[in-house]
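*Asks:* okay, here's the prediction I keep looking at, along with the sequence it came from:
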Amino acid sequence: MQTGVHITQNEPAERLPALLKQVFGYDHFRPLQHEIMRASLAGKDTVAILPTGAGKSLCYQLPALVRTGLTVVISPLIALMKDQVDQLEAAGVAATFLNSSLDAATQRQRFKDLNSGKFKLLYIAPERILLGDFLSHLARWQVEALVVDEAHCISEWGHDFRPDYRNLNQLRTAHPEVPIIALTATATPQVRADIIGQLRLRAPSVFISSFNRPNLGYRVVPKSKAAKQVWEFASARADDSGIIYCQSRKGAESMATMLREQGMPAIAYHAGMEPEERTKNQEAFIRDEARIVCATVAFGMGINKPNVRYVIHAELPKNVEGYYQQTGRAGRDGLAAECILLFSRGDMVKQKSFLEEITDEQAKKLARRQLEQMAAFAEDVGCRRAHLLRYFGEEWPHGNCGNCDNCLEPGETHDCTLEAQKLLSCVYRISQKSRFSVGWQHIADVLVGANTERVRKWGHETLTTYGIGKEKPKEEWISLGRQLAQLGLAEVGADDFPTVSLTDQGMKALRERTPVLLTRRPKAQTATISQTQGTRAAKAGDIQCDDGLFAKLRLIRKKLADARNVPPYVVFSDVSLRHIARNYPTKPNGFLKIPGVGEKKLAEFGDTFMAGVKEWLSANPRQEFSEPKTPPTAAKKKSTASSGLASTILETLSLFRTGDSIAEIALARGFSLPTIEGHLAQAIEQGEPLDPAAFYTPQEAERMRVAFASVDSPALTPVFEKLSGEINYGKLRIFRAFMQAQ
Ligand code: ADP
Ligand code: ZN
């Protein structure tokens, strides 16, 4: 425990809630924010791993106000620094930045102001640390906290390694007494360990939250004519900002051109453009002038725009991590946003052929595997949210998420036992005959009786399963295979080529002819991507308001922003405007109640917006709205009146009561193990009297109790890691449910 900082008492921490309202205009902390702030103010090194939009910036900005000295923030992107400083200044906080974009005279002035203690926060670029005698300046400026933003940039394991970040360890050497706060939205254990090691953090408090983004709705749509589909979608949302991700620069250009020709304010963004044009386009997007940006993955890092309402992937992303990150750029403000992936098997084949050009075998292997995982996501018939979270090692214990295509419109369940038997036995026969495993492609070739070189070479035309699946096209067999793998009946190995083998469960299913029920997405339902339009208002995160007034307020905001040469969200976020447009405040007291309105913004913008509200009310009736919807963690749409539990949970519960194991129920119902465990956990949380002994031993219970008590977060991953992975997620989740029920 360090005590070197000036603040040794908790008093400054006690001022945080009042300042939260006074300066930033918020009534409540978001999850973990307060805990992170308190740990840091108590002098601890802290690591905060929270997803995009969780409100990481506030975790150091608010404490900076109660510290007597300076908080220094290391931030990798020059554009973002200015943005953050603009936002802080708009809230009345003395903040500034130093980077290579400043001319010499401005630099000198900033140093002077820093010397005189004018600022609470200073943003700098990492390369600055080693420039001149910068480190010694920090002492003069009475630095009380060092913040490393985007801390994953320090790790070569991360997706955005920046060598300059490695120099940050000198911060600790030069100023050992100053607590460090590291923030990132990248949570892999390797990156986390790297951050702690490289920054030389001392017994840091580590805070990890769920990576779920409740306000993002996920949808996978069969791709037909991408440009037309995108146009349909975007034209139904003329006022909304969106990002269309394309694979190639050419693709991005032609998509933008097409949309412009249809009268839509679209621009392109990719690494092949001239820097000036790129900056110009980015600016136009951020300032709400160009509503749509058609981009390659080069676009995104450093975009702080909170009101991106949709992200469409016109082509299959290369991996799930990239997909999560890119979709994560939607809905930072917490309002509902849509993530749409246009998917076709043809795309998959095309991408696979691109991979053949990779010369490094290791890299090729990895890329292939990642692409397979992406396809598995696209073809999953279960909850997309659960799938994404599982990919990052987190469980989704709530069952139906109520905000993805598969949860909103579950496909029909149908009996696939016969097909599954054919496929599983084909896998089995091949491995028996050849003593090696093959991939789905070859298995499907054998099933449809294809006469390929490999079939002939290995003599697979003599197998009893050769040609027993002629009734289905090859692609359908591959898709069925992926679904069986999702059910845990087969597994895809991690070696050179993704090869398939049967799991014990799969062997058992084959031997005992266990019924296999699979879900098929209803085809007609998925044809168009703009169908969600009608139901938008009910989405998680939405704030109902007077849309006419909202539009007017946006115009007022744009004018004020342009006059100050800042993006509109620096004036107010869409969240604030929506609250104004549902509460119609016309007096300062009422206006102060709007989230995002602090004292400075009330003084600077209040009159203008209140005048706008009055003017609106003089010509339009006031509308009434019911309580705002808070983003649900789980949808309880289908609940029955008698028990409050969804019918799907009741079904699981009744099977469990008859003595079926979780694995048996999963198999019988055609769900994954985690889904069934989630059902049971939910039932337990709601007070269903089940016996803990049915799930784990008393010894395991004790270990879990200790582990849960020792971590700061209710998330399962930290507990799982604490127990070195010796107790699986299913048990942890059930245990947590029993704790919650108590
Ligand atoms: P991150 O850096 O984690 O992606 P940001 O710091 O950009 O997230 O915050 C996302 C949005 O949430 C911002 O618009 C911010 O003003 C808002 N926000 C942060 N904390 C709160 C809070 N306690 N209450 C309401 N809004 C908040
Ligand atoms: Zn879902």
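*Replies:* Okay, I see it. Ligands and ions are numbered 1, 2, ... in the order given.
*Asks:* which residue ranges make up the domains of this structure?
*Replies:* 12-208, 216-411, 413-517, 547-619, 642-741 (automatic domain parsing).
*Asks:* quick check, the shortest one touching ligand 1?
*Replies:* Just to be clear, that refers to domain 547-619. Yes. Counting by Cβ under 6 Å from any ligand atom, ligand 1 is contacted by domain 547-619 at 573, 595. C-beta: built from backbone N, CA, C; applies to glycine.
*Asks:* could you number the chain from 471 rather than 1 from now on?
*Replies:* Yes, from this point I'll number from 471; that puts the last item at domain 1017-1089.
*Asks:* and that domain, how far out from the chain's middle?
*Replies:* 29 Å (Cα atoms, centre = their mean, to the nearest Å).
*Asks:* per-residue confidence averaged over that domain?
*Replies:* For domain 1017-1089, the mean per-residue pLDDT is 96.
*Asks:* now stretch 529-539
*Replies:* 96.
*Asks:* one more: stretch 1196-1208?
*Replies:* 88.
*Asks:* export the domains of the chain to a markdown table and tack on mean neighbour count?
*Replies:* Supplementary listing: the domains of the chain in a markdown table, determined by neighbours: other Cβ atoms under 10 Å:
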| stretch | mean neighbour count |
| --- | --- |
| domain 482-678 | 19 |
| domain 686-881 | 19 |
| domain 883-987 | 17 |
| domain 1017-1089 | 18 |
| domain 1112-1211 | 18 |
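*Asks:* closest one to Gly1011 among those?
*Replies:* When these are compared by Cβ to Cβ, domain 686-881 sits nearest Gly1011, at 4.2 Å.
*Asks:* any residue of that closest one touching ligand 2?
*Replies:* Yes. Part of domain 686-881 sits near ligand 2 under the criterion Cβ under 5 Å from the ion, namely 853, 855, 871, 874, 877.
*Asks:* identify the farthest-apart pair in these.
*Replies:* So, these by Cβ to Cβ: farthest apart are Arg855 and Cys877, at 7.8 Å.
*Asks:* OK, contacts around whichever residue of the chain sits closest to ligand 1?
*Replies:* Of all residues in the chain, Gly525 sits closest to ligand 1, at 2.9 Å by Cβ to the nearest ligand atom. Contacts for Gly525 (Cβ atoms under 8 Å, 6 or more residues apart in numbering) come out as 500, 503.
*Asks:* now do the residue of the stretch 721-870 of the chain found nearest ligand 2, the pLDDT please.
*Replies:* Nearest residue of the stretch 721-870 of the chain to ligand 2: Cys853, at 3.2 Å (Cβ to the ion). On pLDDT, Cys853 comes in at 93.
*Asks:* how close does it sit to Leu893?
*Replies:* Going from Cys853 to Leu893 by Cβ to Cβ, to the nearest Å gives 24 Å.
*Asks:* kindly report the same for Val767.
*Replies:* If you go by Cβ to Cβ, the gap between Val767 and Leu893 works out to 35 Å.
*Asks:* likewise for Ser586?
*Replies:* For Ser586 relative to Leu893 (Cβ to Cβ), the value is 74 Å.
*Asks:* of the residues of domain 686-881 next to ligand 2, closest to Arg1024?
*Replies:* Cys874 (29.1 Å).
*Asks:* list phi and psi for that closest one.
*Replies:* phi -140, psi 160 (degrees, to the nearest 10).
*Asks:* contact partners for it?
*Replies:* 687-689, 853-855.
*Asks:* adding distance to Trp866 and secondary structure, write these out as a markdown table.
*Replies:* Below are these laid out as a markdown table (distance: Cβ to Cβ, whole Å; DSSP: H, G, I helix; E, B strand; the rest coil):
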| residue | distance to Trp866 | secondary structure |
| --- | --- | --- |
| Gly687 | 15 | strand |
| Tyr688 | 12 | strand |
| Arg689 | 17 | strand |
| Cys853 | 7 | coil |
| Arg854 | 10 | helix |
| Arg855 | 6 | helix |
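*Asks:* contacting residues for Ala708?
*Replies:* If you count contacts by Cβ under 8 Å, 6+ apart, Ala708 has them with 734, 761.
*Asks:* all the helices of the stretch 721-870 of the chain, residue numbers only.
*Replies:* 745-756, 790-797, 815-825, 831-849, 854-861 (DSSP state H, counting those that start in this stretch).
*Asks:* ditto for the stretch 1021-1170 of the chain
*Replies:* So, for the stretch 1021-1170 of the chain - with DSSP H, counting those that start in this stretch - the helices run 1038-1041, 1044-1053, 1058-1062, 1069-1089, 1117-1127, 1132-1139, 1143-1155, 1168-1180.
*Asks:* can you classify Glu702 by secondary structure?
*Replies:* Taking DSSP: H, G, I helix; E, B strand; the rest coil as the rule, one finds Glu702 in the helix state.
*Asks:* for Lys693, see how far away it is.
*Replies:* In terms of Cβ to Cβ, Glu702 sits 13 Å off from Lys693.
*Asks:* where does the protein dip in pLDDT?
*Replies:* For the chain, applying pLDDT under 70 flags the ranges 471-480, 628, 657, 964-967, 991-1008, 1098-1117, 1140, 1182-1183.
*Asks:* write out the residues of it neighbouring ligand 2.
*Replies:* Residues of the chain lying near ligand 2 (Cβ under 5 Å from the ion): 853, 855, 871, 874, 877.
*Asks:* identify the residues contacting the residue lying closest to the third one once chain neighbours are set aside.
*Replies:* For Cys871, ignoring the flanking residues on the chain, the nearest one in space by Cβ to Cβ, 6 or more residues apart in numbering is Arg855 at 4.4 Å. Contacts of Arg855 were listed using Cβ under 8 Å, 6+ apart, and they are 682, 688, 866, 871, 873-874, 877.
*Asks:* export the helices of the stretch 1021-1170 of the chain to a markdown table and tack on distance to Lys822?
*Replies:* Putting the helices of the stretch 1021-1170 of the chain into a markdown table (distance: least, Cβ to Cβ, whole Å) gives the following:
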| stretch | distance to Lys822 |
| --- | --- |
| helix 1038-1041 | 40 |
| helix 1044-1053 | 40 |
| helix 1058-1062 | 57 |
| helix 1069-1089 | 52 |
| helix 1117-1127 | 36 |
| helix 1132-1139 | 31 |
| helix 1143-1155 | 29 |
| helix 1168-1180 | 42 |
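*Asks:* any idea which residue sits dead centre in the protein?
*Replies:* Closest residue to the average C-alpha location of the chain: Gly798 at 4.5 Å, with Cα atoms, centre = their mean.
*Asks:* quick one: contacts for that residue?
*Replies:* With Cβ under 8 Å, 6+ apart, Gly798 has these contacts: 521-523, 655, 683, 686.
*Asks:* ligand 1 next: which of those residues are close?
*Replies:* 522-523.
*Asks:* where does Lys788 fall, phi/psi-wise?
*Replies:* phi -70, psi -30.
*Asks:* contacting residues around it?
*Replies:* Contacts of Lys788 by Cβ under 8 Å, 6+ apart are 821, 837, 840-841, 844.
*Asks:* Serialize these to CSV and add fields for distance to Arg1206.
*Replies:* Formatted as CSV, the contacts of Lys788 follow (distance: Cβ to Cβ, whole Å):
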residue, distance to Arg1206
Gln821, 39
Ala837, 37
Gln840, 31
Leu841, 34
Met844, 30
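*Asks:* to Leu811, which of the helices of the stretch 1021-1170 of the chain lies closest?
*Replies:* Once the helices of the stretch 1021-1170 of the chain are compared by Cβ to Cβ, helix 1143-1155 is nearest, at 21.2 Å.
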